[in-house]
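Undergrad: I need the structure of the sequence given here:
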Amino acid sequence: MSTSDRLLLFLHIGFAIFTLGPLTAATHSTPRYIRKGNASVVRYLHRTTQIYGIGTLGIFLFGLALAEGDLAEVWLSASMTLFIVALVLLLIVDRDQRKAVHLLEAAAAEKAAAAPAHTAAAKAEDGEKAEAEDEKQATKPAVPAGDVAQVERGRIAALSGVVSLIWLVILVLMVWNG
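TA: Now for the predicted structure:
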């Protein structure tokens, strides 16, 4: 193995280690924060998915350079096909994360808009009783966090698991045949 091949292998493995770990952690964590209704964390995880998703292309490119045109090997073709399938699934996860952020922000805006209207009406009726009721309403969400973006949360959880399994299959193919 030449020095340039060793460098390509080092970059290939380095990209795999430093991009797939954070990408997998971000996609697997997203459903938990959608359930909690935390739009800012879901937005951060969406951005993390985008950045590391683009970084995974380095794995593919360095692996392609390592193959040196020997793409007739079945395990290389299978690995590349699985990698492309994983990237397509990550695009769906990215879309669902974006939609979940939008839905969570819309629910928060709806809650914020409903709170002042209720407060003004309640204070007009009765002073102290209204204040106690305002405190109850402030702690109770207008839309329960678990009810927002349920479809996206489920699809992100399922696809994240499938993508993780694809990464493992590719790893087994690389170790077994590499």
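Undergrad: residue 16 contacts residue 61, doesn't it?
TA: No. Residue 16 is not in contact with residue 61 according to C-beta atoms under 8 Å; the separation is 12.0 Å. (Each C-beta comes from the backbone N, C-alpha and C, glycine too.)
Undergrad: lowest-pLDDT helix or strand in this protein?
TA: Of all the helices and strands that make up the chain, helix 127-139 has the lowest average by mean pLDDT, DSSP states H and E, namely a mean of 53.
Undergrad: which stretches of this structure form strands?
TA: For the chain, no strands are identified by DSSP state E.
Undergrad: in it, which helix is the longest?
TA: Ranked by residue count and defined by DSSP state H, the top helix of the chain is helix 74-125.
Undergrad: residue contacts, the nearest residue to residue 63 once chain neighbours are set aside?
TA: Residue nearest to residue 63 in three dimensions, not counting chain neighbours: residue 12, with 5.2 Å by C-beta to C-beta, 6 or more residues apart in numbering. Contact partners of residue 12, counting by C-beta atoms under 8 Å, 6 or more residues apart in numbering, are 59, 62-63, 66.
Undergrad: any idea how far residue 157 is from residue 12?
TA: From residue 12 across to residue 157, the span is 29 Å (C-beta to C-beta, to the nearest Å).
Undergrad: repeat for residue 148
TA: For residue 148, the distance to residue 157 equals 15 Å [C-beta to C-beta].
Undergrad: for residue 111, same thing?
TA: 25 Å.
Undergrad: neighbour count for the two, which is higher?
TA: Per other C-beta atoms under 10 Å, whichever of residue 111 and residue 157 has more neighbours is residue 157, with 18 against 15.
Undergrad: who touches the most centrally placed residue in the chain in this structure?
TA: Geometric centre of the chain, nearest residue: residue 27, 3.1 Å, by C-alpha atoms, centre = their mean. Residues near residue 27 by C-beta under 8 Å, 6+ apart: 45, 49, 90, 93, 156, 159-160, 163.
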